[in-house]
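> Sharing a model that was predicted from the sequence below.
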Amino acid sequence: MSKGSKHKVKKFGMVIDLDKCTGCGACMVACMSENNVPFKENESKKLDSITWMRVYKLENGKSFPEADICFLPRPCMHCEGDRGHAPCVSVCPAIATDYDHNTGIVSQIYTRCFGCRYCMAACPYHARYFNWRDPVWPEGMEKFLNPNVSPRMRGVVEKCSFCHHRYQLALDKAYAEGRDKIEEDEYQTACAHACPANAITFGDLNNKKHSVYRLKKNPNTFRLLERLGTNPKVYYHSSREWVRRAGDNYLKHEAAKA
Amino acid sequence: MSETQKVSASDNKRKNTGGTTILFFLIGVAISLAVGWVIFPKLLYLKKSQPIDFSHAVHNEAVGDCDSCHFFREDGTFSGSPTLAQCIDCHEDVQGDTEAEQIFVEEYIAQNKEVPWLIYSKQPDCVFFSHAAHVKKAEMSCESCHGEIGTSETLPIYEENRITGYSRNIWGKNIAGIKKHTWDRMKMDDCGECHEEETGDKGSCFQCHK
Amino acid sequence: MKIDRRNFLSLGAGATAGLAFSPLPWKLMDDSSIWTQNWPWAPVPTDGEASYVDTVCSLCSGGCGITIRKIGDRVVKAEKKDSDNANSGICILGLSSPQLLYSPSRIKTPLKKVEDKWVKISVKQAVAEIAEKLKGLRKDKLSHTLACISGSSAGTVPALFERFLTAYGSPNFITVPSVKDIYKLVFSLTCGASCIPAFDIANSDFVVSFGTGLLDGWGNPAAAFKAHSILKDNKKQLIQIEPRLSNTAAKADKWLPIIPGTEGVLALGMANVIIGKQLYFNKNVLFDSVTEGFEEFKALVEKDYSLEAVSNITGIKQEDITALAEDFMKAQSPVALFGRGEGSTPGSLHEMMAVNFLNALAGNFNKTGGVYLLSEPDYINWTHPVLDDAAYYNINAKRLDGAGEGKYFLAKHLLNRLPEVVNSSKTSPINFLFVTDSNPFYTMADTKLVEEAFKKIPFIVSFSSYMDETASMADIILPNHFFLERYQDIVTTCGLKPAVGLSKPVVNPIFNTIHSGDAIISIAKALGGTIAESFPWDNYETCLQETLEAKKDVMDKELFWIDESGVSNAFADSSGKFEFINDKTRQTKPYIFVDAQGEKKKYPLTLIRFDSMRIASGYTANSPFMTKTVADTVIKENDIFIEINPKTAAEYNLAERSKALLTTPKGKAQVRVHLYEGIMPGIISMPSGLGHTGYDSYLTGKGININELIGQIEDPASGFDAAWGIRAVLARV
């Protein structure tokens, strides 16, 4: 809002505690169920599998018994770049994706997208997915579709929206109750809400009262490929140095993080 | 001489044909204008009548306000057209003596069938419209988008665009695209226009899309 | 006036110019561009009022409090219930419940098999046919040849089935075993009380897990995850002992790889260190007066479990064992966890007892951060079923599985013995089988043997909601409602207290299905006589209402009824002492730990199973969404991957993704290879829960069911299946 003072602008983001994440995959299913993410018969073929939230498994590269693994959930990073200049937003020829300066959320409008996939090439996090064919819900299964998110069609790109519709529903409730603001717990993404290990914390990175504000300042917190200048809004926390190093491409003798 | 005669003859001929040419040109223009302004709109829109001839005026008088039937739910979402369950509250049995009500009670209430209302202002699935933000927060009146439907005696014919499948109310009442009232058209640019006026910003995609 | 070419062109030009001043081209252009953005075939979810219904998830035995989001009458989403209740949580399986509710593999109506084809029948007809058959069996005095396999023994629905068998005249009510059966045995043998343990992980400061899949599906997964996160917040220690770097091991502060099957030996070795260094003295009030058989136990570990011997057997360095034992006893509130993986196989009794001795030495029973001994909620107080002479006579027949007698005197049910018993007799000793809330044909080890047995049983009635492997083998299917469509009591623990949760219908049944409780009541009524008399309830709902009485009001409000007095006074009940060794345990021969089946020479590798939260391996199978989360290093298209240490793989000339033939004494399968540094050389692992042949095209044929490759090993102490793996060999294809 150009009229509003600067501190009113929200910047939604996440801090994911990798020490707590167990790699159970609950966030992935919560996301798919919330966002009408399509699925196909052969989901064990990953080439064209769509997962807005995807949990990666990192390995430390050492041999048994020094081997170690760590799970890393990867939603869309909602990159701020330099003042909203996110990698995907700047390349979209259709203005089908934009950066919302009021919330910091990067949108994706399916009906506007014509499927050139420049954004997919531009995204360094592989957070964007293409619908190679029309999604099919077997008879009866279309009943669980969420009306707050529009189902996609073939030929368009889709990605995590930080469950923007949940923000809008929270705002609706606030407006109806005569409020202007929403509390931290009123808007939580499906993955953050579902995480049984409470590893995902979601909130307004600009709001001192929100947990993310405090958590992102922990010295063991890092972001993925920070040095690309993407300025992502998803922070990770790990007490293990090799995990923090895995967050970016460091030279062997280079210290992790500035 | 013969040369000049020839010229003038052809001049004459040209004059004659010049008149008819213009005439034909004007006929062409007239036909096109008639087709474009009169026949085309008739062909473009499929006219559908509502299942029941509903009078907003009568109901408004009885219940007093729009939000008695079109209300906000507790969670802040908007209920839209009333469902049968709401109508039953008053119309368990026939109340008045209109034919429309009799049809409603016999064909829908008695058979527990929802009325397939045609929604004049229905937006496509990719659009998120928050009634709460407009009505509660921005304190806009119902009329600013829905016009005078609330005081109408009878439901207007629903006009469906044969190409797009959308209602004429959304995609432009006036065939020339001239907006006389705020509620004449509800396309994206119309939303943007108002948003720009009111908030100084057209808004981001996700403000209205889902 | 003649229309010549010129006039005609002029008309055309006029028309064109006119068109430009009419709305036609512009409107057409606009409309057709909008038309290109129309996808009439893409579904538009119907909108409506959102409502939220709380219920208890019964997809596993965890019993989580969940909230179902509905739009109109549709179930749209399952979420965790926002509440302080310890059981408020949800896992990947619970999140899948909308998909499972509307799944294409749901059985939509009762079915009857006629000449190998399914024919739709009515509920009434199914009940009548079952009753008719059962009447005939009774007439022939063969009532004891009716058996029932039930997924659980807790709650009113299994109780109704058991009651039916009693009234009908059969002792053969068998439940699918799990680690809980062994837990009960461990404590009844050493504490003399019937109780279930609850491990206070969140408040412990040193958790040693002997292969327990704390973060891989054990117990109530959501509660275990929460407890683990608290452990992390408090910066307390978790030590994981197992041969594979599982998700639990990866989260642990220390992972100690151990030769599989020797966990019990390590525990006794640690006990030896603790006793030798007298670390238990100032730690443990138990030892002042309340232990029994301690001297005998001390002598035994000193003799057979020296550090050197234990280190050789387990493959763990001597100093590591000593350090672990010392750290364990130094901690304020240490706790040792036992039960392998998610706990779907019971495992070796002696191994569990050995680990639990560590808890005894630390004296952590009924203490913060230790092991709470809970009594099971005792709320089903029905009058005894009415027995006629025929029932009375046959109810005392020998149990087919032999449980409760002779060398199986400790066990109550032994499902694992059933295939062998059926296969070894000429004609099946079971003439009629009920299968409820379980999929034994898929979940039992040694599939070939199980298949033979199931084929031999003349008549099978399945109560499954899904066309699973066992249901496919049935003769009649009376499909149960899905849990979102039915009432059911769920026996669980809530925090560290025993509790009963109430699963409530969230939607009306969407298919022509029948609650299994109602089904069994109807069958009883159709049989008439004393059997019908034993079922005085009109339907299941009244039965549940009468059983729960006032508790139901609490459950309606809070979902759970918590038994506040449920922490067992275990030691007060019996001798008042923790008994390291007593007359009963002496009978079970001391400390035989189960080894894997197969000759080492022929089968130099060892195959173990691993459990994953992302693959449901029990009665409920994967939803399409869950399959989506499984990595393509586990399953790719239809190929299953085995995990193997790169060193071992090199010996077999195998590279990443190579195809190989895996052979075990029980079977062969073509697999692909995934090189994994997190697995001990010489060991290969495979996930459980894949390789379904039933269900739908989203699941069928994906990978291999590990039960086809693994056999059963009867635990010499308890009779339960204690197999944790099998010897195997790989060959490059």
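Perfect, thanks for sending it.
> Buried residues of the host helix or strand of B:Phe40, list them for me.
Using DSSP states H and E, the element containing B:Phe40 is helix B:40-44. Buried positions in helix B:40-44, judged by neighbour count with 16 or more other C-beta atoms under 10 Å in any protein chain shown: B:Phe40, B:Pro41, B:Leu44. C-beta here means a position set from N, CA and C on the backbone, and glycine is covered the same way.
> residues touching the second one, list them.
Neighbour list for B:Pro41: B:Ile175, C:Pro23 [criterion: C-beta atoms under 8 Å, 6 or more residues apart in numbering or on different chains].
> wait, is C:Val207 part of a strand?
Yes: assessed with DSSP: H, G, I helix; E, B strand; the rest coil, C:Val207 lies in a strand.
> That one reaches C:Leu231, doesn't it?
Yes: proximity of C:Val207 to C:Leu231 meets the contact threshold set by C-beta atoms under 8 Å, at 6.8 Å.
> more neighbours, the two?
More crowded of C:Val207 and C:Leu231, by other C-beta atoms under 10 Å in any protein chain shown: C:Val207, with 29 against 23.
> Name the SS class of the residue lying closest to the more buried one once chain neighbours are set aside, please.
Residue nearest to C:Val207 in three dimensions, not counting chain neighbours: C:Leu238, with 4.7 Å by C-beta to C-beta, 6 or more residues apart in numbering or on different chains. On the three-state scheme (three-state DSSP), C:Leu238 is labelled strand.
> State the distance from C:Leu238 to C:Arg244.
From C:Leu238 across to C:Arg244, the span is 16 Å (C-beta to C-beta, to the nearest Å).
> cool, and C:Cys91?
Note on C:Cys91: its distance to C:Arg244, by C-beta to C-beta, is 21 Å.
> So between these two, which is more surrounded?
More crowded of C:Cys91 and C:Arg244, by other C-beta under 10 Å: C:Cys91, with 29 against 24.
> Now do the same contact list for the residue lying closest to the more buried one once chain neighbours are set aside.
Nearest non-adjacent residue to C:Cys91, counting by C-beta to C-beta, 6+ apart: C:Pro221, 4.6 Å away. The neighbours of C:Pro221, taking C-beta under 8 Å, 6+ apart as the test, are A:Cys24, A:Pro196, C:Cys60, C:Gly62, C:Cys91, C:Leu215, C:Met613.
> do C:Lys456 as well
Contacts of C:Lys456 by C-beta under 8 Å, 6+ apart are C:Val422, C:Asn423, C:Thr427, C:Ser428.
> For residue 29, identify the helix or strand it belongs to.
Using chain A. helix A:26-34.
> Can you look at chain C instead?
helix C:24-35.
> Show me the contact partners of the helix or strand that that helix is followed by.
Next along the chain after helix C:24-35, taking DSSP H and E as the criterion, comes strand C:50-56. With C-beta under 8 Å, 6+ apart as the test, strand C:50-56 has contacts from B:73, B:75, B:77, C:63-71, C:81, C:87, C:483-484, C:490, C:501-504, C:506, C:559-560.
> so how many other residues sit close to C:Glu677?
For C:Glu677, using other C-beta under 10 Å, the count is 20.
> Please name the spatially closest residue to it (chain neighbours excluded).
Leaving aside its sequence neighbours, C:Glu677 is closest to A:Ala67 (3.6 Å, by C-beta to C-beta, 6+ apart).
> Now do the same contact list for the one you found.
If you count contacts by C-beta under 8 Å, 6+ apart, A:Ala67 has them with A:Glu59, A:Asn60, C:Leu245, C:Tyr676, C:Glu677, C:Gly678.
> ok, so of those, who is nearest chain B?
A:Glu59 (36.5 Å; C-beta to the nearest C-beta).
> which helices and strands does the helix holding C:Met29 pack with?
helix B:40-44 (3 or more C-beta pairs under 8 Å, 6 or more residues apart in numbering or on different chains; DSSP states H and E).
> and the helix or strand that the helix it packs on is followed by, which residues are buried?
Per DSSP H and E, the first helix or strand lying C-terminal to helix B:40-44 is strand B:45-48. Residues of strand B:45-48 classed as buried: B:Tyr45 (neighbour count, 16+ other C-beta under 10 Å).
> do strand B:45-48 and chain C meet at all?
No: judged by C-beta under 8 Å from any C-beta of the partner chain, strand B:45-48 stays clear of chain C, getting no closer than 10.8 Å.
> Please identify which helix or strand holds the residue positioned nearest the centre of chain B.
By C-alpha atoms, centre = their mean, chain B has its centre lying nearest to B:Asn169, at 1.4 Å. Here B:Asn169, judged by DSSP H and E, is contained in helix B:168-171.
> Please compute how far that helix lies from its chain's middle.
Put simply, helix B:168-171 sits 4 Å off its chain's centre (C-alpha atoms, centre = their mean, to the nearest Å).
> Stretch B:202-210 now?
Distance, centroid of stretch B:202-210 to centroid of chain: 23 Å (C-alpha atoms, centre = their mean).
> Tell me the residues on the stretch 101-250 of chain A that lie near chain B, please.
So far as C-beta under 8 Å from any C-beta goes, the stretch 101-250 of chain A lies against chain B at A:101-103, A:105, A:107, A:109-112, A:148-151, A:161, A:164-165, A:168-169, A:171-178, A:180.
> Let's see which of those residues end up in helices.
Among those, DSSP state H puts A:His164, A:His165, A:Gln168, A:Leu169, A:Leu171, A:Asp172, A:Lys173, A:Ala174, A:Tyr175, A:Ala176 in helices.
> Tell me the most packed of those residues, by neighbour count.
That'd be A:His164 among those, by other C-beta under 10 Å, with 28 neighbours.
> care to break chain B down by domain?
Domain assignment for chain B, taken from automatic domain parsing, gives B:2-45, B:49-81+B:117-208.
> Show me what from the stretch 101-250 of chain A comes close to chain C.
Counting by C-beta under 8 Å from any C-beta, the stretch 101-250 of chain A sits next to chain C at A:111-112, A:134-135, A:137-147, A:150-153, A:190, A:193-194, A:196-199.
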